[in-house]
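this is a predicted model, with the sequence first.
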Amino acid sequence: MKQKQLAAMMALAGLTAVVMTDATAQETIVRIGHSGPLSGAQAFSGKDNENGARLAIEELNAKGVTVGGKKIKLELVSEDDQGDPKAGVSVAQKLADGGVKYVVGPYNSGVAIPAARVYSNAGVVVASVASNPKLTQQGYKNLFRVNASDTQLGSKMALYAAKELKLKNVAVIDDRTAFGQGLAEEFKKQARASGMTVAGHEYTTDKSVDFTAILTRLKSKKVEAIFFGGYAPQGGPMARQIRQLGLNARLLGGDTICTAEMGKLGGDAVGANVLCSQGGALLDKAASGPAFKAKFKKRFNADPDVYAASYYDAANMFVQAMQQTNSIDAGKVGAAIAAGSYQGVAGTYAFDAKGDMKSSPVTIFTFKGGQPVAITSF
């Protein structure tokens, strides 16, 4: 068979044969896709996640990867899903049509939930940090959540508010995204179970910047804290407006406000008054956490944000499963991930029947000097 014909057939299978200089050795290219918001208000998170995967792929290629006695070269195929469900489904179809069989992302629950069907139909192995419980309740095989779910993030923030902060009267705001709604509902459920009164539940959008009317209503209810189910581009301005209105209430949230972007957008209105919950153990206390942070900083001239380590771990987890099965077949690799365990930087990845992590610690953070600072993990 001619070389061009062989290459065409392998490309259809998601692989590309590359002839080496000695004309006898070949290496197989395996593409790992990334779907995330690389433009718009959440681009800082999308790029950070992408860089986590990129660092893993660069390290693996530099070290040399062999699967079943054959050399493998990894390539990152990164696509901008804009944090938008329709765009995310289009990205999923593009990656699937291009023969990509491994994907890290999507980042947003509202994107991941509908895109999961496309990936499942194409036999793609997916590792996502999207936290809405509905993601894994859809029953798709080879879909793994490499992070705590909203159930864990929202409920543990509520437990901390009740037991440690001793709060009695709280309120909830959500941005009506799948992520924001899911997180807020889990907080509200646990808040009530823990004896707190939920004095109000307000709604905004993930494009809003003015929360004055909502916050004024909550001020009249004398709430001690507001839990925000949403993202830092809204959380930062919300913290400023809480201060401007003289509302004496803490601002609580999930992992998406546990970021330096929150401090940047909120300025001096973001400090000890803001607390957030993030899945995973503390990088500084994890065995390989400090080394990862140093490598990331050297490569990208920036500190890793919330989920860079999770994306780094996901790419490495894919490759470990390939080597365990001596195969790059997505079905075999997905089955190995489902049945096995991978020790990564951010935690131990072992999954239940739905694809959720069997154990995912949650860390509570506050802010100091515009940066998230860990308080405790549980």
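All right, it came through fine.

give me the most central residue, this structure.
Taking CA atoms, centre = their mean, the centroid of the chain lies closest to Val129, which sits 3.1 Å from it.

make sure that one is actually in contact with Tyr107.
Yes - at 6.3 Å, Val129 counts as touching Tyr107 under the criterion of CB atoms under 8 Å. For the C-beta atoms, the positions are set from N, CA and C on the backbone; glycine is no exception.

joint contacts of those two?
Both Val129 and Tyr107 are contacted by 49, 307, under the criterion CB atoms under 8 Å, 6 or more residues apart in numbering.

now the phi/psi pair for Tyr231, please.
Tyr231 adopts backbone torsions of phi -120, psi 160, taken as degrees, to the nearest 10.

show me the contacts for it.
Tyr231 is in contact with 41-42, 175, 179-180, 206, 256-257, counting by CB under 8 Å, 6+ apart.

who wins on neighbours among those residues?
Using other CB atoms under 10 Å as the neighbour test, the contacts of Tyr231 are led by Ile257, with 34 neighbours.

for Phe227, see how far away it is.
10 Å (CB to CB, to the nearest Å).

give me the low-pLDDT residue ranges for the stretch 1-150 of the chain?
Regions of the stretch 1-150 of the chain meeting the criterion pLDDT under 70 cover residues 1-25.

can you give me the strands in it?
All strands of the stretch 1-150 of the chain, identified by DSSP state E, counting those that start in this stretch, fall at 15-19, 26-36, 65-67, 70-80, 102-104, 125-128, 143-145.

partners of the fifth one in the sheet?
Each strand that strand 102-104 pairs with, and the sense of that pairing, follows from DSSP bridges: strand 26-36 (parallel), strand 125-128 (parallel).

only the buried residues of the first one, if you could.
With burial defined by 16 or more other CB atoms under 10 Å, the residues of strand 26-36 counted as buried are 27-28, 30-36.

what angle do that strand and strand 70-80 make?
Put simply, strand 26-36 runs at 20 degrees to strand 70-80, going by axes from the mean of the first three to the mean of the last three CA atoms, to 10 degrees.

so who does Arg250 touch?
Contact criterion CB under 8 Å, 6+ apart gives 165, 167, 224-226, 273-275 as the residues in contact with Arg250.

for Thr216, same thing?
Listed by CB under 8 Å, 6+ apart, the contact set of Thr216 reads Leu245.

what distance do you get for it to Thr204?
Applying CB to CB, the value for Thr216 to Thr204 is 13 Å.

the helices in the stretch 201-350 of the chain, which residues?
Applying DSSP state H, counting those that start in this stretch to the stretch 201-350 of the chain gives helices spanning 212-220, 232-244, 260-266, 289-300, 308-325, 330-339.

can you give the domain ranges for this structure?
3-147+286-346, 151-279+363-377 (automatic domain parsing).

contacting residues for Phe367?
262-263, 270-272, 274, 373.

can you tell me which of the contacts of Tyr231 is closest to Val118?
Taking CB to CB as the measure, Phe179 is the one of the contacts of Tyr231 closest to Val118, at 19.1 Å.

thinking again about what came up before, could you dump the contacts of Tyr231 to TSV with distance to Lys70?
Compiled in TSV, these are given as follows (distance: CB to CB, whole Å):
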residue	distance to Lys70
Ala41	43
Gln42	38
Asp175	47
Phe179	40
Gly180	45
Asp206	45
Thr256	40
Ile257	45
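
wait, which of those residues is closest to Thr197?
Nearest member of the contacts of Tyr231 to Thr197, counting by CB to CB, is Gly180, at 21.4 Å.

residues in contact with the nearest residue to Ser39 once chain neighbours are set aside?
Leaving aside its chain neighbours, Ser39 sits nearest to Asp80 (5.4 Å; criterion: CB to CB, 6 or more residues apart in numbering). With CB under 8 Å, 6+ apart as the criterion, the residues that contact Asp80 are 36-39, 46, 87, 91.

format those residues as JSON lines; extra columns: distance to Ala53.
Converted to JSON lines, those look like this (distance: CB to CB, whole Å):
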{"residue": "Gly36", "distance to Ala53": "9"}
{"residue": "Pro37", "distance to Ala53": "14"}
{"residue": "Leu38", "distance to Ala53": "13"}
{"residue": "Ser39", "distance to Ala53": "18"}
{"residue": "Gly46", "distance to Ala53": "11"}
{"residue": "Ala87", "distance to Ala53": "19"}
{"residue": "Val91", "distance to Ala53": "15"}
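
now the buried members of those.
Among those, those scoring as buried are 36-38, 46, 87, 91 (criterion: 16+ other CB under 10 Å).

where does the stretch 251-378 of the chain have low pLDDT?
In the stretch 251-378 of the chain, residues with pLDDT under 70: 281.

as PDB, could you dump the C-alpha coordinates of the longest helix anywhere in the chain?
Assignment by DSSP state H gives helix 43-63 as the longest helix of the chain. This file holds the C-alpha atoms of helix 43-63, laid out as PDB (Å, rounded to 0.1, in the frame of the first residue of the first chain):
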ATOM      1  CA  ALA A  43     -10.600  33.300  28.900                       C
ATOM      2  CA  PHE A  44      -8.100  33.500  31.900                       C
ATOM      3  CA  SER A  45      -9.500  30.100  33.100                       C
ATOM      4  CA  GLY A  46      -9.600  28.500  29.700                       C
ATOM      5  CA  LYS A  47      -6.000  29.400  29.000                       C
ATOM      6  CA  ASP A  48      -4.800  28.300  32.400                       C
ATOM      7  CA  ASN A  49      -6.500  24.900  31.900                       C
ATOM      8  CA  GLU A  50      -5.100  24.600  28.400                       C
ATOM      9  CA  ASN A  51      -1.600  25.300  29.700                       C
ATOM     10  CA  GLY A  52      -2.000  22.600  32.300                       C
ATOM     11  CA  ALA A  53      -2.600  20.000  29.600                       C
ATOM     12  CA  ARG A  54       0.100  21.600  27.400                       C
ATOM     13  CA  LEU A  55       2.700  21.200  30.100                       C
ATOM     14  CA  ALA A  56       1.900  17.500  30.500                       C
ATOM     15  CA  ILE A  57       2.100  16.900  26.800                       C
ATOM     16  CA  GLU A  58       5.400  18.700  26.400                       C
ATOM     17  CA  GLU A  59       6.900  16.800  29.300                       C
ATOM     18  CA  LEU A  60       5.700  13.400  28.000                       C
ATOM     19  CA  ASN A  61       7.000  14.100  24.500                       C
ATOM     20  CA  ALA A  62      10.400  15.200  25.900                       C
ATOM     21  CA  LYS A  63      10.600  12.000  28.000                       C
END
